[in-house]
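Asks: what's the 3D shape of this:
(2 chains)
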Amino acid sequence: NAGVTQTPKFQVLKTGQSMTLQCAQDMNHEYMSWYRQDPGMGLRLIHYSVGAGITDQGEVPNGYNVSRSTTEDFPLRLLSAAPSQTSVYFCASSYLSGDRGRISYNSPLHFGNGTRLTVT
Amino acid sequence: DAKTTQPNSMESNEEEPVHLPCNHSTISGTDYIHWYRQLPSQGPEYVIHGLTSNVNNRMASLAIAEDRKSSTLILHRATLRDAAVYYCIPTLQGGSEKLVFGKGTKLTVNP
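Replies: Predicted structure coming up:
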């Protein structure tokens, strides 16, 4: 049982390049999300999904795209990388609460080990 | 969303108990309190959660004040591996679209 797997672990991009951060989970979780973590700023939600074909924006969605074609995968796309996107990115997944489409209070978030991205 | 206040940092010695406080005076009657921790260079991991009564698991204990305005995460015997940032997060009983992570408490464990 691998849990939440993120690739790559490290990436260096030049300004303007595009790339996709991969996230996969093998727990059949409906909910998946992307956070970024910057020094002194805590974790901020970028995008989230409550099931295949459904995505929504978090606090800091600009410059990022997501799609959810399967339950297992939730890739994060940087369309045109900027130095402000230098950060550590975490993917997380969880079960949902009944039919409400929300993270259950009784189901913890499972996080990957992150992708450290540097944009020069 | 309920707001939480945690000390920026705390220090403990190895094999001693650690009490990590969290103030959540604006919490509603149906919010659960979740605790997560983040070890260096890793993603956050779930520690424990509770609603009103004290809770125990293999990682820690959670003591919730009777008025629910504060809670304390208790590590009974700190180890070097417990050095991490600890986050206290209210969670709606009906479920949440997201978890809001504040800055947490950075715990240093001295050998």
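
Asks: hey, what's the residue most central in space within chain A bridged with?
Replies: Centroid-nearest residue in chain A, with Cα atoms, centre = their mean: residue A:34, separated by 2.2 Å. On the basis of DSSP bridges, residue A:34 is bridged to residue A:47, residue A:91.

Asks: what sits against it?
Replies: By Cβ atoms under 8 Å, 6 or more residues apart in numbering or on different chains, the contact list for residue A:34 reads A:21, A:23, A:45-48, A:58, A:64, A:66, A:74, A:76, A:89-92. (Each C-beta comes from the backbone N, C-alpha and C, glycine too.)

Asks: repeat that for residue A:7.
Replies: With Cβ under 8 Å, 6+ apart, residue A:7 has these contacts: A:21, A:22, A:115.

Asks: and the residues you listed, which is closest to chain B?
Replies: residue A:115 (10.4 Å; Cβ to the nearest Cβ).

Asks: ok, now how distant is the closest one from residue A:21?
Replies: 5 Å (Cβ to Cβ, to the nearest Å).

Asks: name the residues contacting each of these two.
Replies: Joint contacts of residue A:115 and residue A:21 (Cβ under 8 Å, 6+ apart) are A:6, A:7, A:8, A:11, A:89.

Asks: counting neighbours, what do you get for the third one?
Replies: Translated: residue A:8. Neighbours of residue A:8 under the rule other Cβ atoms under 10 Å in any protein chain shown: 11.
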